[in-house]
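Novice: Have a look at this fold, sequence not included:
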């Protein structure tokens, strides 16, 4: 199995050095660069699971980088690390770059930062296993409702959109299905 990969982009070497120290014993592959352009090249050549990027860098605005990453590698989970926590910039990062989390600097390199990166890797793994479902919602509901095996189609909030007849014991329409339930689940995005 291929190791998960995290790409760190920050034009401040001390920040990258701190991250290297924090994560030195982790099993995932860590790639560090001070160049947003180099980051885009890496993303074009390799499957990167998580990107951790600064917002304000000399060579390229972090928002531009996030938008480009979203285009060339939409399944890469994006985390912003920035010392400029102005509300408009945060909202732009979230809306334009679809970021998973926003971490403000200065920050202490600690277990909390490591846990956040590990959560992003778990989320990236979930995205890999969800597959690409290219159905209209009504077609997906019809497909699920006619299935012979237990299948539940959940909306983004976890509410049930449809369930096959053999899966009615898993949950009722309108109720939330939790990960510890039984049977396969399709998540509608």
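Specialist: Arrived safely. Just so it is clear, the structure is predicted and the values come from calculations on it, not from any experiment.
Novice: which strands and helices sit next to the biggest helix by length in the chain?
Specialist: The residue-count maximum for a helix in the chain (DSSP state H) belongs to helix 111-130. With contacts taken as 3 or more C-beta pairs under 8 Å, 6 or more residues apart in numbering; DSSP states H and E, helix 111-130 sits against strand 5-9, helix 13-23, strand 50-53, strand 77-82, strand 101-104. Using the backbone N, CA and C atoms, a C-beta is placed for each residue, glycine as well.
Novice: To residue 127, which of those lies closest?
Specialist: Distance to residue 127, taken as C-beta to C-beta, is lowest for strand 77-82 among these, at 7.3 Å.
Novice: Enumerate the positions of the closest one that are buried.
Specialist: Neighbour-count burial for strand 77-82, counted by 16 or more other C-beta atoms under 10 Å, picks out 77-82.
Novice: Likewise for stretch 60-67?
Specialist: Going by neighbour count (16+ other C-beta under 10 Å), the buried part of stretch 60-67 is 60, 62-63, 65-67.
Novice: contact partners of it?
Specialist: Applying C-beta atoms under 8 Å, 6 or more residues apart in numbering, the external contacts of stretch 60-67 come out as 9, 36-37, 39-40, 53-57, 78, 80, 82, 89, 92-93, 96-99.
Novice: Make a ChimeraX selection of whichever of those residues turn out to be buried.
Specialist: When burial is assessed using 16+ other C-beta under 10 Å, the buried subset of the contacts of stretch 60-67 is captured in ChimeraX by this command:
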select :9,36,39,40,53,54,55,57,78,80,82,89,92,93,97,99
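Novice: Filter the contacts of stretch 60-67 down to just the ones in helices.
Specialist: Taking DSSP H, the ones among those that sit in helices are 36-37, 39-40, 89, 92-93, 96-97.
Novice: just these now: which is nearest residue 20?
Specialist: When the ones in helices among the contacts of stretch 60-67 are compared for distance to residue 20 (C-beta to C-beta), residue 39 wins out at 16.2 Å.
Novice: That closest one reaches residue 6, doesn't it?
Specialist: No. Between residue 39 and residue 6 there is no contact, the gap being 11.8 Å when judged by C-beta atoms under 8 Å.
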